[in-house]
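1. Here's my sequence, what's the structure:
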Amino acid sequence: MRSVVILGSTGSIGENALKVAEALPDAVRVAGLATRSKVTRVIDQALQFSVEVVAVEDRAAAAEAAALARPHGIQVWAGAEGVAALAGLAAADTVLCALVGLAGLQPVLTALEAGKDVALATKEVLVAAGELVMRRRAEAGVSLLPVDSEHSALFQCLQSQAFSPACVRTRDSEPAAEDRVAHLVLTASGGPFAARHGIDFERVTPEQALDHPRWTMGRKVTIDSATMMNKGLEIMEAQWLFNVPAARIGVAVHPESIVHSLVTFVDGTQLAQLSVPDMRFPIQYALTWPDRLAAPMPALDLVSQGCLTFEAPDEARFPCLRLAREAAAAGGTLPAVLNAADEVAVEAFLAGAIPFAGIWRTVEQVMAAHAVRPAATREAIMEADAWARVAAFERCGMRGTNKV
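-> You can find the predicted model right below:
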């Protein structure tokens, strides 16, 4: 039985994680839940799964949650510190982090320091703080289990009795999976625009960009899919999870979203992981690893599916891939700056302040203005993040705003 705290339980990943827990009552027990502000939903979840402690990041919302929770004997921990404290909950052995952006960094560090395995859906944590997080993971001797469908696919392909992926390796003496890898390939759906070669990115509306053809996700990650920034962030996430340089991590556009990623080994063979596009698959694998358990999941029928297609991404049309590779190559605080500038630019686009193409123009301008420094501490990362947000707000014509 795995006892799990779910951070971000009211978002898409969190709701799917609860579906997994509901389907596997003898394997997964929910010990704690956290949300930013959706108090009615988080209390309903707590009642359904008999959870005794919830955390609410927004303090005003936490006061409302406490009033709802009091008749049921549910504790409510308030603020960012309450969410971080929940990540160290003694009753849990695993923390699933599905918080938005760098709000997940301190809770992940707290969980690692408390000796918890972390199932990570918040890719920004590794994008901005990969060196720090992976060092803390190694020191704690715990596992960092990928929840993104692409990284879960790579993780599954790298399972072997002969070697171990970096994100779960606990001893230096264990043979390393990355020594057997020639390169990794992340697949991309292409979002709503990869196949629409004639579209004018200066005229794209938020409604068009949010109309994803395959996945139902939050607004930020859906826009990142449309710009292909999500794939750039995933390259950086993969390099830390699997200790493979970004230069050996490729991207293939695969509109059917059936093949979730591929590994090419040094002997020339390839392994891929396939399933219908449903986030419950990678979530369940993270919460039950190293086992595989029966669950009521949709089956893949390749005969009925028919053709699977792959093509190279057009990096001239989608400059975010280039920007992400540049940030990965520079290292230090530049990935954190890219991530923060992208968050601000996406919000500005959704608010109508900049055009769709203004997202990558803003990111590139902020990156160019940044003096890169080492990113070995949380303080250095958060300082770079804050600087980039101010710089991005100014470039988006939103001077004077200090929070997304």
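
2. Which parts of the stretch 201-350 of the chain are strands?
-> Ranges of strands in the stretch 201-350 of the chain, per DSSP state E, counting those that start in this stretch, are 249-253, 259-265, 270-274.

3. Out of those strands, which gets nearest to Glu364?
-> Taking C-beta to C-beta as the criterion, Glu364 comes closest to strand 249-253 out of these, the separation being 18.9 Å. All C-beta spots, glycine's among them, are computed from the backbone N, C-alpha and C.

4. Just give me how far that closest one sits from the chain centre.
-> Distance, stretch centre to chain centre, for strand 249-253: 17 Å (C-alpha atoms, centre = their mean, to the nearest Å).

5. between it and strand 259-265, what angle do the directions make?
-> Computed with axes from the mean of the first three to the mean of the last three C-alpha atoms, to 10 degrees, the direction of strand 249-253 lies at 140 degrees from that of strand 259-265.

6. Can I get strand 249-253 in PDB, CA atoms only?
-> Taking Å, rounded to 0.1, in the frame of the first residue of the first chain, the C-alpha atoms of strand 249-253 are listed here in PDB:
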ATOM      1  CA  ILE A 249      17.400  14.400 -26.800                       C
ATOM      2  CA  GLY A 250      15.300  14.800 -29.900                       C
ATOM      3  CA  VAL A 251      11.700  15.700 -30.700                       C
ATOM      4  CA  ALA A 252       9.300  14.000 -33.200                       C
ATOM      5  CA  VAL A 253       5.900  15.300 -34.000                       C
END
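
7. circling back to that earlier point, present the strands of the stretch 201-350 of the chain as a markdown table; the columns should include mean neighbour count.
-> Formatted as a markdown table, the strands of the stretch 201-350 of the chain follow (neighbours: other C-beta atoms under 10 Å):
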| stretch | mean neighbour count |
| --- | --- |
| strand 249-253 | 20 |
| strand 259-265 | 21 |
| strand 270-274 | 16 |
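
8. can you tell which of the ones you listed is closest to Asp385?
-> Short answer: strand 249-253, nearest of the strands of the stretch 201-350 of the chain by C-beta to C-beta, at 23.6 Å.

9. about what we covered before: identify whichever of the strands of the stretch 201-350 of the chain lies nearest to Ala195.
-> Of all the strands of the stretch 201-350 of the chain, strand 249-253 comes closest under C-beta to C-beta, at 8.6 Å.

10. Redo the strands of the stretch 201-350 of the chain as CSV? Include mean pLDDT and distance to Lys123.
-> Formatted as CSV, those follow (pLDDT from 0 to 100; distance: least, C-beta to C-beta, whole Å):
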stretch, mean pLDDT, distance to Lys123
strand 249-253, 97, 14
strand 259-265, 98, 14
strand 270-274, 98, 18
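
11. out of these, nearest to Glu15?
-> Among the strands of the stretch 201-350 of the chain, the nearest to Glu15 by C-beta to C-beta is strand 259-265 (20.2 Å).

12. quick one: Val133 and Gln106 touch, right?
-> No - the pair Val133 and Gln106 fails to qualify as a contact (C-beta atoms under 8 Å) at a distance of 11.0 Å.

13. more crowded one of the two?
-> Neighbour count, other C-beta atoms under 10 Å: between Val133 and Gln106, Val133 has more, with 23 against 18.
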